[in-house]
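In: only geometry, no sequence info:
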């Protein structure tokens with residue numbers, strides 16, 4: 001029976017997901033005993049104090065948020081298997097529970113691009129790895145589409161900076177941005193900063209500013225006014241794989257280690273992004289029709305029939321607004337729906353294809369691989385514990 005110290009912020013949805021995965025593994029392979037050490041021990045005791053406690057308790061391993069400082073060498077020398085949840089930067093001496101952060105940023109950019117936005121911004125922390133890499137993935141995808149990104153770097157102002165009711169650097173930045181604009185926040189907590197500041201600055205959401213967070217932390221997302229859209233992550237699988245790695249380190253030593261990478265899975269749309277960024281009513285009508293009927297065998301002719309324009313005129317406006325021809329937009333949206341069903345259901349690939357109006361499953365597999373770089377079977381396997 002292993003004794004494991006958990007130094008994790010259990011108030012966060014992401015960390016709760018990790019904990020679910022860790023405890024699931026322990027039930028299957030254990031049982032394990034856990035010591036849930038409060039985060040303030042990191043500040044009050046430091047790594048040396050945590051290590052002393054681990055030795056006194058005869059802990060077999062540690063999973064936690066640790067500061068990136070030179071004292072980490074003490075943990076390495078102690079021989080106690082340790083996995084760090086990335087806090088500010090990744091460690092090189094011990095394995096990390098980290099994320100496919102650039103992938104999350106790119107997912108956010110693609111989401112906004114499909115909605116027709118031409119102005120983009122990112123709100124986060126330049127000095128923290130998971131925020132910095134999300135911004136990089138976001139910017140790379142936006143620049144590839146021919147646009148640029150406005151940035152606001154949160155410097156973690158003191159609590160005296162009551163941004164929510166008095167003018168602040170954040171409110172001034174939001175007011176200065178071109179509208180309508182799509183803003184990705186590095187996480188849901190900072191997404192809530194945006195929605196609160198917009199509300200007190202008289203900026204409309206989503207009409208002027210559409211806001212997207214990361215982690216799908218329902219507490220932050222639902223307390224937001226309006227509710228905050230967010231990128232969900234497969235933290236439970238990350239916790240499960242971290243527990244598997246920790247057990248291997250306990251049994252075989254810490255020589256062969258690797259980072260655990262938590263993948264983004266899907267975007268949960270709430271009111272903060274429930275809009276299409278175009279002043280063209282015909283394009284808005286076409287987009288609404290496509291999204292409402294994407295589960296049917298939708299054809300370009302069906303979309304054209306919804307507006308008093310020729311196919312050529314609508315195609316031209318559509319490409320000008322979204323950067324895609326109508327058929328490609330439908331194909332990409334279908335593939336996104338297809339990938340979500342692969343993650344969320346146990347339906348067979350054939351059943352999912354038929355539900356979404358596909359008639360040729362071989363063609364579906366080919367299109368899916370073009371977009372995702374793998375087959376539907378391989379994609380589904382990535383999200384199974």
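Out: Looks like it arrived, so ask away. Keep in mind that what you see is a predicted model, and the values were worked out from it rather than measured. Residues are numbered from 1 along each chain as shown.
In: what about the nearest residue to residue 100 once chain neighbours are set aside, neighbour count?
Out: Nearest-residue entry for residue 100: residue 263, 5.0 Å, with adjacent residues in sequence omitted and distances by C-beta to C-beta, 6 or more residues apart in numbering. Using the backbone N, CA and C atoms, a C-beta is placed for each residue, glycine as well. Residues within reach of residue 263, counting by other C-beta atoms under 10 Å, total 17.
In: I'd guessed residue 263 sits against residue 235; true?
Out: No - applying C-beta atoms under 8 Å as the test, residue 263 and residue 235 come out as separate, 9.7 Å apart.
In: tell me where the stretch 51-200 of the chain has strands.
Out: 61-64, 82-85, 96-99, 120-124, 149-153, 181-185 (DSSP state E, counting those that start in this stretch).
In: including distance to residue 140, could those go into CSV?
Out: Shown next, in CSV, are the strands of the stretch 51-200 of the chain (distance: least, C-beta to C-beta, whole Å):
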stretch, distance to residue 140
strand 61-64, 31
strand 82-85, 25
strand 96-99, 16
strand 120-124, 12
strand 149-153, 10
strand 181-185, 13
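In: how about those strands in JSON lines, adding mean neighbour count, mean pLDDT and distance to residue 360?
Out: Formatted as JSON lines, the strands of the stretch 51-200 of the chain follow (neighbours: other C-beta atoms under 10 Å; pLDDT from 0 to 100; distance: least, C-beta to C-beta, whole Å):
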{"stretch": "strand 61-64", "mean neighbour count": "24", "mean pLDDT": "94", "distance to residue 360": "46"}
{"stretch": "strand 82-85", "mean neighbour count": "26", "mean pLDDT": "93", "distance to residue 360": "44"}
{"stretch": "strand 96-99", "mean neighbour count": "24", "mean pLDDT": "96", "distance to residue 360": "36"}
{"stretch": "strand 120-124", "mean neighbour count": "25", "mean pLDDT": "97", "distance to residue 360": "36"}
{"stretch": "strand 149-153", "mean neighbour count": "17", "mean pLDDT": "94", "distance to residue 360": "38"}
{"stretch": "strand 181-185", "mean neighbour count": "28", "mean pLDDT": "98", "distance to residue 360": "34"}
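In: which of those strands sits closest to residue 199?
Out: strand 181-185 (14.1 Å; C-beta to C-beta).
In: which residues does the closest one contact?
Out: Outside strand 181-185, the residues that touch it by C-beta atoms under 8 Å, 6 or more residues apart in numbering are 105, 108-109, 112, 115, 117, 119-124, 134-135, 138, 150, 191, 193-194, 208-214, 273, 277.
In: let's see that with 7 Å instead.
Out: For strand 181-185, contacts defined as C-beta atoms under 7 Å, 6 or more residues apart in numbering pick out 108, 112, 117, 119-124, 138, 191, 194, 209-213, 277.
In: so which of those are in helices?
Out: 108, 112, 138, 191, 194 (DSSP state H).
In: I'd like to know how far the third one sits from residue 51.
Out: Looking back up the chat, that one is residue 138. 38 Å (C-beta to C-beta, to the nearest Å).
In: if you count what's nearby, which of the two comes out ahead?
Out: Comparing residue 138 with residue 51 by other C-beta under 10 Å, the one with more neighbours is residue 138, at 29 against 21.
In: which ones are touching the more buried one?
Out: 105, 106, 108, 109, 122, 149, 184.
In: give me the number of residues near the fourth one?
Out: Neighbouring residues of residue 109 were enumerated by other C-beta under 10 Å; the total is 27.
In: test my guess that residue 306 contacts residue 284.
Out: No - using C-beta atoms under 7 Å, residue 306 is not in contact with residue 284, being 10.6 Å away.
In: in stretch 340-360, what counts as buried?
Out: 341, 342, 343, 349, 352, 353, 356, 358 (16 or more other C-beta atoms under 10 Å).
In: do the same with stretch 286-293
Out: For stretch 286-293, by 16+ other C-beta under 10 Å, it's 286, 287, 289, 290.
In: next one: stretch 3-10
Out: 4, 5, 6, 7, 8.
In: did I read that right, residue 230 in a strand?
Out: Yes - assigned with DSSP: H, G, I helix; E, B strand; the rest coil, residue 230 falls within a strand.
In: please report the distance of it from residue 11.
Out: The value you get for residue 230 to residue 11, if C-beta to C-beta is used, is 17 Å.
In: with residue 104 instead?
Out: From residue 104 to residue 11 the distance is 21 Å (C-beta to C-beta).
In: who touches stretch 61-76?
Out: 2, 4-9, 22, 39, 42, 46-48, 51, 54, 80-85, 87-89, 91, 93-94, 242, 246, 249-250.
In: give me the neighbour count for residue 172.
Out: 12.
In: got a list of what it touches?
Out: Contacts of residue 172 (C-beta under 7 Å, 6+ apart): none.
In: could I get the pLDDT score of it?
Out: Residue 172 is assigned 92 on the pLDDT scale.
In: and residue 217, by the same measure?
Out: pLDDT, residue 217: 95.
In: for the residue nearest to it when sequence neighbours are not counted, phi and psi?
Out: Excluding the flanking residues, the one nearest residue 217 by C-beta to C-beta, 6+ apart is residue 13, at 3.7 Å. Torsion angles at residue 13 (phi, psi; degrees, to the nearest 10) stand at phi -60, psi -40.
In: picking up where we left off before, and the furthest pair within the buried residues of stretch 286-293?
Out: Most distant of the buried residues of stretch 286-293, by C-beta to C-beta, are 287 and 289, 7.3 Å apart.
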